[in-house]
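In: Sharing a sequence plus its predicted fold:
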Amino acid sequence: MSNFLDLVVGTITQGLIYALLSYGVYITYRILDFPDLTVDGSFPLGAAVTAVLLTKGLNPYLTLPVAMAVGALAGLVTGLIHVKLKVRDLLASIITMTSLFSINLQIAGSNLAIERATDTIFTAAPTMALLGSMSLIYRKLVVSLILAVFFKLILDLYFNTQSGLLLRAVGDNTTLVTTLAKDKGSVKILGLVIANTLVALSGAVVCHEQRAFSSTMGTGQVVFGLATVIIGTTLFKNLNFVKGTTAVMIGSVLYKACIQVSISLGLPANLLKLVSSVLFLVILVLGNRRKSEVNTSA
Amino acid sequence: MKKTIAMVTIFAIILSLAGCGRSSNKTPVIGISQYGEHASLDNCREGFIQGLKDSGLVENEDYVIDYQNAGFDDSIATQIAQNFSAKNVALMCGIATPAAIACFAAAEDKDIPVIFSAITDPVKAKLDKGNITGTSDKLPVDAQLELIRRLQPEAKTIGILYTTSEPNSVSSIAEYQEKAPQYGFTIEALGVTQQSEVTLAADSLIAKGVDCFSNLTDNNVVGVLSSVLEKTNEAGIPVYGSEVEQVKIGCVASAGIDYYELGRQTGIMAAKILKGEATAAEMPYETISDFNYYINSVAISEMGIKVPADIAEKAIESGNQ
């Protein structure tokens, strides 16, 4: 049974770490209605900055705010290209994503690995003081859980502030924003900044967890983010008390669980993605059916 | 509330499905995580399994193989490694750098031994310390230089094209420059930043009067090798490849490593760990001691090169007839 428990713990940890990325995609795709491919570049950007700082011996906890700041910058660039230079949203994000590939390599030099002796947020003294009695995989779980829940709560609070409400309005009803005499361009930029801050944070935590940055680690992360947002929001469509952020967090864990099932079933490698897709489909169909049941019974 | 319960149930079902795959018997499991489907890496894995057998271990008696392929996706490589760790495998084998890094990270908690293969620079990948060992697929530069010396006794200058942003290429160039004088060569290296510059750089090297070209595993250069070969053939300058695939498309010869052999060497090391003869922590990583000569006789005769009998005997004919 302990084997199984380890697997569950590992899978949930991955889901929680990547949930930070999913929050970002939730903001751009679901709230702003902005197809933001910057994510494929800002995710490894967070990891690249973290890898360099860890090698240089910076306090591991400080690498997180630095990575977030750099991610914010990436979002800002996409926003400025789109709003100020009037480049179409998708293209603006592609431009940033493409240039980030070079920038990431410039920052890190090349793919960068971190020695096992180097402290990460999972092994540094303050974490050990609090969670030292746990084994490493449980420490990883607890730290990821704290991060995922903390930023979920921050986002939930933010969405209810005036700025947060404007952000939601830009995606739903741009006329309203204009009527309120607010500039929708700067609201969009703000949204992209927040989203990519979270995405870079996710990359940074992955770098701590894997002790490595690779220039190709961002490939496919937008698609992952979209899938988790759709899984999460579809499943909890009718449960009003479940916040979007919570739904996305669970979506991310479910996604990683689907991949883990495919791996555990020991299927031929080439079928892995196919099986994962079938599992997503099953989740979505189950979610939809439940929705219609509610509708008929109501 | 009913739905919340349903959600939890779905999740529980999914995760218990995940638990089904684990093996229940006591035979030690070797988890092989291969980064992606690629001819060289596949050869490496097959060689690894052969190496275990050659060491006298019997599959399904002494060990069982759990093979997983990450499809060139780093985050899947992570989950594969976690799966191995949760199953308490006896040994993890990571083929190619990202797979090995993921295995090493997942193995940390339980200190499961990790063995890697097909990694160019294990020191740079920080896979040289800890309960880990394996084999590196570094280019056999000495063998290549010796081969060139034997085939072209009069040659003085070797031209090499490389991409300045590829770390593997930069370190290989440094090694070439360090070792070339021992064989009486000077290296004329010319760096490019992108693929479109490669053929221009080839012209420039030809104009400098190099006696031959030697290739690295540089993707940009190898990607347009055919057009480089067009120019060098016109100028009558032989090009030496870094692996068999390049000889197939028209390089005269190569002293290249055999990935099957590399895997086999790794398998033998893994067997030592399984048998308890050595630990991964105390075994240093190995670079391959075996390489093959590959020649393309058509290209060789066009260049008017005479192959010494001992090399002709050992060499593997690889030209497309």
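Out: Great, that's in hand.

In: contacts and neighbour counts: CA atoms only from here.
Out: Will do.

In: in what helix or strand does the residue of the stretch 151-298 of chain A found nearest chain B lie?
Out: Among the residues of the stretch 151-298 of chain A, residue A:261 lies closest to chain B, at 4.2 Å counting by Cα to the nearest Cα. Per DSSP states H and E: residue A:261 is located in helix A:244-264.

In: Measure how far that helix is from the centre of its chain, please.
Out: For helix A:244-264, the distance from its own C-alpha centre to the chain's C-alpha centre is 12 Å (Cα atoms, centre = their mean, to the nearest Å).

In: what is the rounded mean pLDDT of the one helix or strand residue A:288 maps to?
Out: Secondary-structure element containing residue A:288, defined by DSSP H and E: helix A:272-297. pLDDT averaged over helix A:272-297 equals 69, rounded to a whole number.

In: follow-up on the earlier one: model confidence score at the residue of the stretch 151-298 of chain A closest to chain B, please.
Out: 88.

In: Report how many residues lie close to it.
Out: Using other Cα atoms under 10 Å in any protein chain shown, residue A:261 is surrounded by 26 other residues.

In: Residue A:272 versus that one, what's the distance?
Out: Residue A:261 sits 9 Å away from residue A:272, going by Cα to Cα, to the nearest Å.

In: do residue B:292 as well
Out: 35 Å.

In: neighbour count winner among these two?
Out: Set side by side, residue B:292 and residue A:272 give different neighbour counts by other Cα under 10 Å, the larger being at residue A:272 (23 against 18).

In: Without its sequence neighbours, what residue ends up closest to that one?
Out: The spatial neighbour of residue A:272 that comes closest, neighbours along the chain excluded (Cα to Cα, 6 or more residues apart in numbering or on different chains), is residue A:262 at 5.6 Å.

In: Quick check: residues of the stretch 51-200 of chain A near chain B?
Out: Residues of the stretch 51-200 of chain A lying close to chain B by Cα under 8 Å from any Cα of the partner chain are A:110, A:112-116, A:135-137.

In: And chain B, what are its domain boundaries?
Out: Each domain of chain B is listed here as a residue range: B:21-137+B:261-287, B:141-256+B:292-317, per automatic domain parsing.

In: May I have the phi/psi pair for the spatially most central residue of chain B?
Out: Within chain B, one residue has its C-alpha closest to the average C-alpha position: by Cα atoms, centre = their mean, that is residue B:118, at 3.5 Å. With angles defined as degrees, to the nearest 10, residue B:118 shows backbone torsions of phi 60, psi 40.

In: Confirm for me that it is in contact with residue B:44.
Out: Yes. Judged on Cα atoms under 8 Å, residue B:118 makes contact with residue B:44 at a distance of 7.4 Å.

In: which residues are common contacts for these two?
Out: With contacts defined as Cα atoms under 8 Å, 6 or more residues apart in numbering or on different chains, the residues adjacent to both residue B:118 and residue B:44 are B:95, B:259, B:262.

In: Hmm, which of the residues you listed is lowest in pLDDT?
Out: residue B:259 (85).

In: any idea how far it is from chain A?
Out: Using Cα to the nearest Cα, to the nearest Å, one obtains 20 Å as the distance from residue B:259 to chain A.

In: Going along the chain, name the strands of the stretch 1-150 of chain A.
Out: Listed in chain order, the strands of the stretch 1-150 of chain A (DSSP state E, counting those that start in this stretch) span residues A:112-113.

In: Any chance you could note which residues of the stretch 51-200 of chain B sit beside chain A?
Out: If contact is defined as Cα under 8 Å from any Cα, the residues of the stretch 51-200 of chain B in contact with chain A are B:66-71, B:73-76, B:78-80, B:82-83, B:86-88, B:98, B:101-102, B:105, B:108-109, B:124-126, B:130, B:165-167.

In: Pull out the buried members of those residues.
Out: With neighbours counted by 16 or more other Cα atoms under 10 Å in any protein chain shown, those contain buried members at B:66-71, B:73-76, B:78-80, B:82-83, B:86-88, B:98, B:101-102, B:105, B:108, B:125-126, B:130, B:165-166.

In: among those, which are in strands?
Out: Within those, residues falling in strands by DSSP state E are B:66-69.

In: which ones are touching residue A:176?
Out: By Cα under 8 Å, 6+ apart, residue A:176 lies in contact with A:169-170.

In: And it, how far from residue B:74?
Out: Distance from residue A:176 to residue B:74, by Cα to Cα: 43 Å.

In: what does residue A:132 give?
Out: Between residue A:132 and residue B:74 the distance, using Cα to Cα, works out to 29 Å.

In: Where does the prediction get shaky in the chain?
Out: All of this refers to chain A. Residues of chain A that meet the criterion pLDDT under 70 lie in A:1, A:269-270, A:287, A:289-298.

In: oops, I was thinking of chain B
Out: Along chain B, the parts satisfying pLDDT under 70 run over B:1-25, B:165, B:167, B:289, B:320-321.
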